[in-house]
Structure formats: structure tokens, C-alpha cells
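In: sequence first, then the predicted structure, then my questions.
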Amino acid sequence: MSDGARASIIDGKATAERLRARIGAAVKRLKADHGLTPGLAAVLVGEDPASEIYVRNKGRATEAAGMASFTHRLAADSDQGALIDLVRSLNTDDSVNAILVQLPLPDHIDADRVTEALDPAKDVDGFHLINVGRLSAGVGGGLVPCTPQGCVMLLKDALGALAGLHAVILGRSNLVGKPLAQLLLGENCTVTIAHSRTRNLAAETVRGDILVAAVGRPALVKGSWIKPGAAVIDVGINRMEGVAGKSRLVGDVDFDQAVTVAGHITPVPGGVGPMTIACLLRNTLIATAAQAGLPAPEI
């Protein structure tokens, strides 16, 4: 952008509130028409403060949507077998339609082994290889990772149809970058994935009509890295020391520079974060309907 114009702010909090309202209405219909109450079980290993807050917020959001919330806590020194046994018991619990194992796990536990133990139909994070494979093959029917799904919903709200746009994703993680690439391909975007070994990152990112930053490096993306008028989705959540020793959250994008160049941009906080939790509830509802042999609700 130029001549002093500033990007339109993509309000993830407001979009998430609207999505959660639609989910709540769908849950009421599910209860009234079929006597079903979606149940989400969160598993927390250890006492990581950030994970504690995240799980607590997810529990509150679940209950606010009219769903049943279950939290299972294991000590930090619990062995891998105990965690897998818990996951398998939740797989067979009819009151639980969705299972979330909060990451990160302690170093002595293999997160991949735990994910493999999940029932793919209850894998609300969409990390099981069956769900990953369904997304990669474009066949549908699987659960999709929440943060990438939230990013796509924000982009469609801001831009409408995404077909034909060039999307550049900065970051190739299994949690965000790779599944987001598959989702954007499904929207008929042309997709480039850039990463730490990409030569001249700025030359790649500046080509994107859509730029998604998901690398966990505060303010990495400068205004000069952004195509004028592009839609910028900042997935990064980095805690930095602020004024008088108080910490503050910043993204992977230098917001003050980017907002004068981009056409649309998500803030941090208040952008992608709220959509992640809303999409978790969405997945729980979709999983519940699928397990009951019902069509996916239109939300």
C-alpha cells in the first residue's frame, strides 16, 4: 500500500466469536434432535504454565458452546505407557467424541507414538497419520488441524474466493505450514513453502498475494518482504520483554512496518489465536456428527 494508507485489520477475535455462536446453535440442535452432547477430553502431562492456561481456556470455551469438557492430568514423570493407556481408554469412552493431547509433552515421551494411539475419528487436532493422509490426498472425511483451518477461514472472510492467488507460507512444520499448504491448494491457490534453508527469503515472500508467517521468530518479516496489498496472516506468538520489564506478545511479522504495506493483516494477539480454539470446537462437533452417522453440520 502507499500514500499513507493502512491495512485492514483481520479481527480474529470477532470472527471466532461468530463461529462459536454458530457452533453453539448447532450443538443445541444436535441435543434437541438426536440427544447427543459433544464431549471433548483434554490430556495434560506435567505443569507447564502456558499449557495449563491453554487447557483451561479450551475447557471454558467447550462448556460455553454447550459441550461436555473433560480434563485428565498426569504427572510430569508419568511414563509413556501410562499416557497411551489413558488415550486408549478415551478412544473407547462413548461420552468422549474428541481427544486433545496438549503439546509439548515431556522429553521422555514420544509424541508421535502417542498420536498413533489416538482413534483418528477422535483426533481433534488432526495430527494422526490417517487424517494427515486424507488431507494430503484431498479426499476429505478427516479432521483438519485447527490453526491452519482458522487461517483459511480468516483469509476467505477477508478476500472471498482464494482461487488463483499466490500464497507464500513461511514455515514448513507439520502443525501449520504443511497442512496449510494442502488446504490452500484445495482452495486452488498456487502455493510456495519457504523455510530456514530458502535462499533470499524476502525475494520469495514479496511474491505472495497471501503471506503466512509461522516460524516462531519475532518480527522476522519486515515491510519490504511483503507485496503491496497482500493479505498477511501472522501465526507467530512470541513473548518479548516490554516496558518496565513487562512481557508482551508479538508475532513473526513486524506489524508496524507491515500494516503500511499489506492490504489485510492479522494482529498478535487477537488474530489467529482465537480461531484455533474456535476450530477445535468445530472439529469436536464434526467428529460427534460423524461418529453418530450424521452429516457434518454447516458451520
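Out: Perfect, thanks for sending it.
In: skip the chain neighbours and tell me the closest residue to G138.
Out: With sequence-adjacent residues excluded and distances taken as CB to CB, 6 or more residues apart in numbering, G138 is closest to G186, at 6.1 Å. For every residue, glycine as well, the C-beta is placed using N, CA and C.
In: that neighbour and E116: what is the separation?
Out: 25 Å (CB to CB, to the nearest Å).
In: what's the answer for A7, then?
Out: Noted for A7: a distance of 42 Å to E116, by CB to CB.
In: those two - which one has more neighbours?
Out: Taking neighbours as other CB atoms under 10 Å, A7 and E116 compare with A7 leading, 21 against 15.
In: okay, the residue nearest in space to the middle of the chain: pLDDT?
Out: Closest residue to the average C-alpha location of the chain: T147 at 1.2 Å, with CA atoms, centre = their mean. Here, the pLDDT recorded for T147 equals 97.
In: surely it is in contact with V176?
Out: Yes: T147 is within contact range of V176, at 5.4 Å (criterion: CB atoms under 8 Å).
In: the helix or strand that contains A25: which residues count as buried?
Out: Element membership for A25, per DSSP states H and E: helix 12-34. Buried residues in helix 12-34, counted by 16 or more other CB atoms under 10 Å: 12, 15-16, 19-20, 22-24, 26-27, 30.
In: tabulate the CA atom coordinates of whichever helix or strand comes after it in CSV.
Out: Where DSSP H and E defines the elements, the next helix or strand beyond helix 12-34 is strand 39-45. Output in CSV follows, covering the C-alpha atoms of strand 39-45 (Å, rounded to 0.1, in the frame of the first residue of the first chain):
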residue,chain,number,x,y,z
GLY,A,39,-17.6,-34.3,24.6
LEU,A,40,-14.0,-33.1,24.4
ALA,A,41,-11.3,-34.6,26.6
ALA,A,42,-8.0,-32.7,27.1
VAL,A,43,-5.0,-34.6,28.4
LEU,A,44,-2.3,-32.6,30.2
VAL,A,45,1.0,-34.1,31.2
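In: what count of nearby residues applies to L86?
Out: By the criterion of other CB under 10 Å, L86 has 20 neighbours.
In: the helices in the protein, which residues?
Out: Remark: helices assigned in the chain by DSSP state H are 12-34, 49-64, 80-91, 111-117, 129-137, 146-159, 177-186, 201-205, 255-258, 272-291.
In: as a markdown table, these with distance to A231 would be great.
Out: Output for these, formatted as a markdown table (distance: least, CB to CB, whole Å):
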| stretch | distance to A231 |
| --- | --- |
| helix 12-34 | 13 |
| helix 49-64 | 26 |
| helix 80-91 | 38 |
| helix 111-117 | 31 |
| helix 129-137 | 22 |
| helix 146-159 | 6 |
| helix 177-186 | 12 |
| helix 201-205 | 13 |
| helix 255-258 | 11 |
| helix 272-291 | 13 |
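In: which of the ones you listed sits most buried?
Out: Most buried of the helices of the chain, by mean neighbour count (mean count of other CB atoms under 10 Å): helix 272-291, with a mean of 24.
In: what angle do strand 39-45 and that one make with each other?
Out: Angle between the axes of helix 272-291 and strand 39-45 is 120 degrees (criterion: axes from the mean of the first three to the mean of the last three CA atoms, to 10 degrees).
In: distance of the closest residue to I84 other than its chain neighbours from L201?
Out: Nearest residue to I84 in three dimensions, chain neighbours excluded: A117, at 4.7 Å (CB to CB, 6+ apart). Separation of A117 from L201 (CB to CB) stands at 37 Å.
In: just the C-alpha atoms of stretch 179-188, please, in PDB.
Out: Written as PDB, here are the backbone C-alpha positions of stretch 179-188 (Å, rounded to 0.1, in the frame of the first residue of the first chain):
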ATOM      1  CA  PRO A 179      -1.300 -28.800   6.400                       C
ATOM      2  CA  LEU A 180      -2.000 -25.100   5.500                       C
ATOM      3  CA  ALA A 181      -0.300 -25.700   2.100                       C
ATOM      4  CA  GLN A 182      -2.700 -28.600   1.400                       C
ATOM      5  CA  LEU A 183      -5.700 -26.500   2.500                       C
ATOM      6  CA  LEU A 184      -4.700 -23.600   0.200                       C
ATOM      7  CA  LEU A 185      -4.100 -26.000  -2.700                       C
ATOM      8  CA  GLY A 186      -7.700 -27.200  -2.000                       C
ATOM      9  CA  GLU A 187      -8.800 -23.600  -2.500                       C
ATOM     10  CA  ASN A 188      -7.000 -23.500  -5.800                       C
END
